[in-house]
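Asker: no sequence on this one, just coordinates:
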């Protein structure tokens, strides 16, 4: 038994350590085995090392030194340390004081295990590395994306959330002292890399899930800010889908494929009209997925103008779009015909017990280069009638209020009266078109109903027109493809509800756009998880999965031994049956970390 000196250099510093070593005989000959670390013995003379080694050896063998009746405190402590280590390495048993067993440091694992599995499936770390992000930046990006998916909150709250999860155990990174400023700086690093990352993600998902890039759905939504956003020129007031007309906003354009995977997104000024974004979005789409000639682009009624449709054709795509409601009048005769209809039935997901089958009647109308079909839905008929009657009631109420104001002399100026009439027609455009409102200085204010127009409107309740430039599609195929536009609406709902994309608190444009980008990255994971379940016949949401697997945690078990040592084991809990079932459906391993055992000497106070 002897003492060996070791020297290591790290970051221009030299560290010296001394090991107690013994020689043992193995099948391959004599070998040396380190028994324990003695720390830094310098500047003790070298000859004292040998004496110390001899004393330790005597203490371990139960023999007293000729000079000492019993070993001193240092020798005794080292001997006990060696004995304890020998017991552990040899698999020796020790008695545990059961009444002193403790558990602690419980941390969330289940949702992280699922999310990190799909993060790896999408190869996001490699994609971020190819986008020239450092290892630390990639770790912080993973933290931010997982945080947005599992517990969406501000950067400050995300930094605190990390300490309550098993991310420190899983990432093996220094996250204990994570500060929000690190996350803000990482957002700045991500800014400008969106195009490369989205393009690589689209390619990876296409290969992983065998996606066909033949149909693209495009739609827009708005998201609002808290604060004045004086340093963000894109933050403007406009039409708010969130009904927050008091707040500044930006408009988000999103393209998804038929499975709901995001292909491209763009952030527009908050006052940008939907119809003016098509050309820009087509260019963005081609940068992300390349020129997919003869693909079909599906857009909503707000982008159905002739100029937009021509732009879609110029980029080599076909289009499918809902036609403006005003054109339905041309096809009232076909609407009333009893023959020539094809019934389309769409069955809801098996898990949705409250939703009935969707039954639609469709028929081709018109002729020419475009395929035009008329659609009729009884549930939509009831909805349209209810909306129309409600708006008509409010319209007549406001008309009577205007009439009383004029009759009482509260409103006399003819110009202002005509302005009020114009505002009524604009506000209630759905029903004002079959009422005539008139005012003259001689006859005063009057209104009358054109009953034939209202009757025609009632006959058209539940109908809408679709048109496409794609030839060879059957009527029912056109409707089924158009119904996929709900995938974009689902994506927007996911962004705004489980991913909590709104409101945006960032006041700088680059950080606001990066915040939206991080939400879209989290959306990629969410769609991948839900599609994997859907392919296995399970129609459930990420929110349900997240809540179900949250019972799976990591914890530390502290076991005090009777010999004075303390064993701490950090390991995951055993997944419950429902958690194991979801893991198996998603292909997630039941555990991703090995138990970590730590021995230390018990301290007494």
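Answerer: Nice, thanks for sending it over. Note that the structure is predicted; figures quoted are calculated from it, not measured. Residues are numbered from 1 along each chain as shown.
Asker: show me the biggest helix of the protein in terms of residues.
Answerer: helix 378-407 (DSSP state H).
Asker: Which strands or helices does it pack on?
Answerer: In terms of contacts (3 or more Cβ pairs under 8 Å, 6 or more residues apart in numbering; DSSP states H and E), helix 378-407 is packed against helix 414-427, helix 429-432, strand 435-440, strand 444-449, helix 451-459. No exception for glycine: its C-beta is placed from N, CA and C like everyone else's.
Asker: which one of these lies closest to residue 485?
Answerer: Distance to residue 485, taken as Cβ to Cβ, is lowest for helix 429-432 among the helices and strands packed on helix 378-407, at 21.7 Å.
Asker: and that closest one, average pLDDT?
Answerer: The pLDDT scores in helix 429-432 average 88.
Asker: before we move on, the earlier item: got JSON lines for the helices and strands packed on helix 378-407, with mean neighbour count and distance to residue 211 too?
Answerer: As requested, the helices and strands packed on helix 378-407 are exported to JSON lines (neighbours: other Cβ atoms under 10 Å; distance: least, Cβ to Cβ, whole Å):
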{"stretch": "helix 414-427", "mean neighbour count": "14", "distance to residue 211": "43"}
{"stretch": "helix 429-432", "mean neighbour count": "16", "distance to residue 211": "39"}
{"stretch": "strand 435-440", "mean neighbour count": "15", "distance to residue 211": "50"}
{"stretch": "strand 444-449", "mean neighbour count": "14", "distance to residue 211": "53"}
{"stretch": "helix 451-459", "mean neighbour count": "14", "distance to residue 211": "42"}
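Asker: Go ahead and flag the most central residue of the chain.
Answerer: The residue lying closest to the centre of the chain (Cα atoms, centre = their mean) is residue 522, at 2.6 Å.
Asker: distance of that residue from residue 119?
Answerer: For residue 522, the distance to residue 119 equals 10 Å [Cβ to Cβ, to the nearest Å].
Asker: Give me the common contacts of these two.
Answerer: By Cβ atoms under 8 Å, 6 or more residues apart in numbering, residue 522 and residue 119 have these common neighbours: 145-146.
Asker: Now for residue 50, how many residues are close by?
Answerer: Neighbourhood size, residue 50 [other Cβ atoms under 10 Å]: 13.
Asker: what's the helix or strand for it?
Answerer: Secondary structure from DSSP states H and E places residue 50 in helix 46-61.
Asker: Just the element for residue 222, please.
Answerer: Under the criterion of DSSP H and E, residue 222 resides in strand 215-224.
Asker: Can you name the secondary structure element that comes next after that strand?
Answerer: Beyond strand 215-224 in the direction of the C-terminus, DSSP H and E gives the next helix or strand as strand 249-257.
Asker: tilt between that next one and strand 215-224?
Answerer: For strand 249-257 against strand 215-224, the angle by axes from the mean of the first three to the mean of the last three Cα atoms, to 10 degrees is 160 degrees.
Asker: what's next to the following helix or strand past strand 249-257, contact-wise?
Answerer: Downstream of strand 249-257, the first helix or strand assigned by DSSP H and E is strand 262-269. By Cβ under 8 Å, 6+ apart, the residues outside strand 262-269 that reach it are 198, 202, 213, 216, 220, 233-234, 236, 238, 250-257, 277, 280-281, 284-285, 287-289, 491, 512-513, 516-517, 520, 523-524, 527.
Asker: ok, now which ones touch the residue nearest to residue 31 when sequence neighbours are not counted?
Answerer: Distances taken as Cβ to Cβ, 6 or more residues apart in numbering place residue 24 nearest to residue 31, at 5.8 Å, with adjacent residues excluded. Neighbouring residues of residue 24 by Cβ under 8 Å, 6+ apart: 30-33.
Asker: Return the set of buried residues in the longest strand seen in the chain.
Answerer: Taking DSSP state E as the criterion, the chain has its longest strand at strand 13-26. By 16 or more other Cβ atoms under 10 Å, the buried positions in strand 13-26 come out as 18-22.
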